[in-house]
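Enquirer: How does the following fold in three dimensions:
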Amino acid sequence: MMATIQKVMDVEASVEDVWNKISNVGAISEVVGFVTESQLDGDVRVCKMADGGVLEETIISIDSALRRVSYCITKSPLNLEFHAASMQVVSKGKGTSMIWITDLKPDSMADLLDSIFEEAVPGIKIALESN
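Expert: You can find the predicted model right below:
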């Protein structure tokens, strides 16, 4: 069985501005606070974490029509069996919603990752709202 984590952030910024930040996949460290450094080499993103860990991710797609980025973690200090995620940006009234969905295995890691993501949400919202 696989677990799913979903975070929805209402952002006071234009959908275009939020999409520009999310779609710049090599600069995810400017959006997600627990990522201190990120580099893109082809479709592989390497993220250095605040705790010193390193993630390797494969960017699956950057879909401008859907305003959706999808990726999977291929190497992690957490030894996940499977991790695939997407970040999608949608218009919401005068603002924007960013929807972050992660599917992972083993599902026993869901509570830990959910708490990490929950702590990251306020900082992500600030980063997405900043100019």
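Enquirer: Sketch out the strands for this protein, chain order is fine.
Expert: Secondary structure of the chain (DSSP state E): strands at 3-11, 35-41, 44-49, 54-63, 68-75, 82-92, 95-105.
Enquirer: In the first one, which of the residues would be classed as buried?
Expert: Same thing as strand 3-11. 3, 5, 7, 9, 11 (16 or more other CB atoms under 10 Å). (Glycine included, C-beta is placed from N, CA and C.)
Enquirer: how distant is that strand from the center of its chain?
Expert: With CA atoms, centre = their mean, to the nearest Å as the basis, strand 3-11 stands 10 Å off its chain's centre.
Enquirer: For it, name the packing helices and strands.
Expert: Strand 3-11 sits against strand 95-105, helix 110-129, with contacts defined as 3 or more CB pairs under 8 Å, 6 or more residues apart in numbering; DSSP states H and E.
Enquirer: Taking their axis directions, the longest one and strand 82-92 sit at what angle?
Expert: Looking back up the chat, that one is helix 110-129. 40 degrees (axes from the mean of the first three to the mean of the last three CA atoms, to 10 degrees).
Enquirer: buried residues in helix 110-129?
Expert: 110, 113, 114, 117, 120, 121, 124, 125, 127, 128, 129.
Enquirer: dump the residue contacts of the third one.
Expert: By CB atoms under 8 Å, 6 or more residues apart in numbering, the contact set of residue 114 is residue 5.
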